[in-house]
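Asker: Predicted coordinates and the sequence they were generated for:
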Amino acid sequence: MARDVSDTTPLGARSELVEWIASGEKPRETWRLGTEHEKIPFHRADSSPVPYEGGRGIRALLEGMQERTGWEPIIEGDHPIGLADEAGGGAISLEPGGQFELSGAPLRTLHETARETAQHLADAKAVGESLGIGFLTLGMSPLWSRAETPVMPKARYRIMTDYMPKVGSLGLDMMYRTSTVQVNMDYASEADMVKKLRVSLALQPVATAIFANSPFTEGKPNGYLSMRSNIWLDTDKDRTGMMAFAFEDGFGYERYVDWALDVPMYFVKRDATYHDVAGASFRDLFAGRLAQLPGERATRSDWANHVSTLFPEVRLKRYLEMRGADVGNAEHIVALSAFWTGLLYDETSLDGAWELVKSWSAEDREQLRADVPKQALKARIAGRSVQDVARDALALSRAGLQRRGYRDDSGRDETRHLTYAEEIVTSGRTQAERLLELYHGRWNGSVIPAFKECVF
């Protein structure tokens with residue numbers, strides 16, 4: 001989750017909110033990709049969750065990572081809650097249940113993404129091993145109840161924890177027990193943003209299907225291949241979902257801003273204090289009439305922080321965030337970035353992807369979103385299986401990566417990073433289905449082997 005920002009510049013007009021998003025526009029030659037991935041830590045000795053405090057806790061893990069990497073600590077109160085690479089632009093943060101997240105730096109090529117991912121995992125593994133901590137390659141914690149899951153000392157999470165049960169039945173599971181990977185992508189103009197947003201929204205459930213990897217909850221199969229994705233269906237409908245309005249004529253920055261203005265706030269941050277205003281209107285803060293903070297008016301940081309609490313399947317900030325996938329191993333992480341980079345950063349592939357999805361209705365897209373968590377590649381849309389759609393999307397992505405032409409030191413282009421996803425789609429068997437086969441076979445009906453076999 002993004003680091004909350006502090007920019008006290010006051011906002012005076014709606015146009016400034018639009019301009020804030022538009023300021024993300026970048027010429028093609030400066031486009032970058034940023035990969036974010038979470039991982040659930042556990043104690044290797046007994047497969048138990050890792051609390052914040054203690055000699056073998058999350059705090060000790062952060063302190064060990066600080067010493068190893070030299071990154072600067074991010075402090076809230078007297079608690080380290082993350083690390084920032086002031087030189088390279090990456091950061092480490094904590095999700096509500098202790099999920100350990102790397103927000104990768106903006107990088108030019110997938111080869112760099114693979115190196116960054118490998119370096120971070122090597123660092124985390126080295127520090128973790130010294131503390132008896134491992135990290136799961138699963139999209140949901142497979143064993144512990146919500147009550148057994150630790151709580152991180154971050155004020156925004158306390159506010160969200162109080163609010164979530166009021167707006168959905170599964171929001172706390174999303175916060176505390178799931179783990180995701182996402183990729184952040186640039187756009188050149190409003191028209192380019194709209195095209196990329198529409199394509200990536202339509203195909204987000206396809207990515208969910210390819211990378212489905214959360215079949216266990218509390219020690220047994222949960223009935224889904226991506227339980228993480230299913231959880232989002234009942235988290236908070238005001239701020240989640242497929243954004244059907246993005247496909248309407250005239251959609252652009254202004255329409256997104258109007259939607260964001262109507263999503264209830266969680267908090268307003270002033271200095272180091274988070275004020276709980278959950279359910280209140282940003283429009284009231286904007287107008288200086290927020291009942292909880294009389295006289296306070298919105299600042300740029302209020303807007304940036306509010307936008308970071310919107311959770312649609314694709315989020316627009318000053319870049320686009322692909323939010324549909326469960327986390328998995330290192331190949332899985334980089335393959336997700338490869339999938340979207342090949343589709344969205346090559347004009348011919350982007351055009352081809354739009355041809356693939358443009359006939360789908362809003363109802364088609366919603367039904368696909370509802371079916372994929374359980375059916376994954378076997379779900380259907382517009383008379384086709386998701387497996388077939390995924391095969392076409394991967395072919396477009398591969399062609400886009402070939403045309404990008406970025407080669408590593410061995411002369412290989414970026415298509416090698418798609419192999420993991422292509423093998424899943426060719427076989428028709430997701431990682432979740434392979435894990436279920438192990439559970440019903442060699443694992444003898446137990447998820448405990450996952451703490452040895454599904455580990456970074």
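Answerer: Done, it's in.

Asker: Backbone torsions only: list them for residue 79.
Answerer: Main-chain dihedrals, residue 79, degrees, to the nearest 10: phi -110, psi 120.

Asker: and it, what does it touch?
Answerer: By C-beta atoms under 8 Å, 6 or more residues apart in numbering, residue 79 lies in contact with 52, 59, 153-154. C-beta coordinates here come from the backbone N, C-alpha and C atoms, glycine included.

Asker: make it 6 Å
Answerer: Counting by C-beta atoms under 6 Å, 6 or more residues apart in numbering, residue 79 touches residue 153.

Asker: In this protein, where is pLDDT below threshold?
Answerer: Low-confidence segments of the chain (pLDDT under 70): 1-6.

Asker: packing partners for the strand ranked longest in it?
Answerer: In terms of residue count, the longest strand belonging to the chain (DSSP state E) is strand 33-43. Here strand 33-43 touches strand 100-103, strand 133-136, strand 180-185, helix 330-344, going by 3 or more C-beta pairs under 6 Å, 6 or more residues apart in numbering; DSSP states H and E.

Asker: Which residues outside it are in contact with it?
Answerer: So strand 33-43 is in contact with 50, 95, 98-104, 106, 113, 132-136, 141, 179-184, 327, 333, 337, 341, going by C-beta under 6 Å, 6+ apart.

Asker: Stretch 171-178 now?
Answerer: Stretch 171-178 has contacts (C-beta under 6 Å, 6+ apart) with 96-97, 140-141, 146, 149, 164, 228, 231, 235-236.

Asker: from those, which two are the most distant?
Answerer: Across the contacts of stretch 171-178, the longest distance by C-beta to C-beta is 20.5 Å; it joins 141 and 236.

Asker: Between the two, tell me which one has more neighbours.
Answerer: Comparing residue 141 with residue 236 by other C-beta atoms under 10 Å, the one with more neighbours is residue 141, at 28 against 22.

Asker: could you list every residue that touches that one?
Answerer: Contacts of residue 141 (C-beta under 6 Å, 6+ apart): 40, 177.

Asker: repeat that with 7 Å
Answerer: When contacts are counted by C-beta atoms under 7 Å, 6 or more residues apart in numbering, residue 141 is found next to 40, 149, 177.

Asker: do you know how far the first one is from residue 220?
Answerer: This points to residue 40. Using C-beta to C-beta, to the nearest Å, we find residue 40 at a distance of 17 Å from residue 220.

Asker: neighbour count winner among these two?
Answerer: Neighbours of residue 40 and residue 220, each counted by other C-beta under 10 Å, are more numerous for residue 40; the result is 28 against 14.

Asker: Report the beta-bridge partner residues of the residue nearest to that one when sequence neighbours are not counted.
Answerer: Residue nearest to residue 40 in three dimensions, not counting chain neighbours: residue 136, with 4.5 Å by C-beta to C-beta, 6 or more residues apart in numbering. Here residue 136 sits in beta bridges with residue 40, residue 455, going by DSSP bridges.

Asker: Neighbours of residue 136, how many?
Answerer: Applying other C-beta under 10 Å, we find 22 other residues in the vicinity of residue 136.

Asker: The contacts of strand 33-43, buried ones only, as a PyMOL selection?
Answerer: Entered in PyMOL, the line below selects the buried ones among the contacts of strand 33-43, by 16 or more other C-beta atoms under 10 Å:
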select buried, resi 50+95+98+99+100+101+102+103+104+106+113+133+134+135+136+141+179+180+181+182+183+184+327+333+337+341
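
Asker: what's residue 65 in contact with, if anything?
Answerer: For residue 65, the contacting residues are 83, 92, 123-124, 127, by C-beta under 7 Å, 6+ apart.

Asker: what does residue 439 give?
Answerer: Shown in contact with residue 439 (C-beta under 7 Å, 6+ apart): 221, 445, 447.

Asker: Next, it: phi, psi?
Answerer: phi -60, psi -40.

Asker: State the distance from it to residue 446.
Answerer: Distance of residue 439 to residue 446, computed by C-beta to C-beta: 7 Å.

Asker: now do residue 195
Answerer: From residue 195 to residue 446 the distance is 47 Å (C-beta to C-beta).

Asker: likewise residue 87?
Answerer: According to C-beta to C-beta, residue 87 and residue 446 sit 45 Å apart.

Asker: How about residue 388?
Answerer: According to C-beta to C-beta, residue 388 and residue 446 sit 35 Å apart.

Asker: Please report the number of neighbouring residues for the closest residue to residue 316 other than its chain neighbours.
Answerer: Nearest non-adjacent residue to residue 316, counting by C-beta to C-beta, 6+ apart: residue 256, 5.4 Å away. Number of residues near residue 256 (other C-beta under 10 Å) recorded here: 24.

Asker: repeat for residue 75
Answerer: Neighbours of residue 75 using other C-beta under 10 Å come to 11.

Asker: Could you do the one 3 residues further on as well?
Answerer: Neighbour count of residue 78, defined by other C-beta under 10 Å: 6.

Asker: Same check on residue 413?
Answerer: Neighbours around residue 413, by other C-beta under 10 Å: 18.

Asker: Now for residue 433: which residues touch it?
Answerer: Shown in contact with residue 433 (C-beta under 7 Å, 6+ apart): residue 225.

Asker: Please report phi then psi for it.
Answerer: The phi/psi pair for residue 433 (degrees, to the nearest 10) is phi -70, psi -40.

Asker: Over to residue 358?
Answerer: Torsion angles at residue 358 (phi, psi; degrees, to the nearest 10) stand at phi -70, psi -20.
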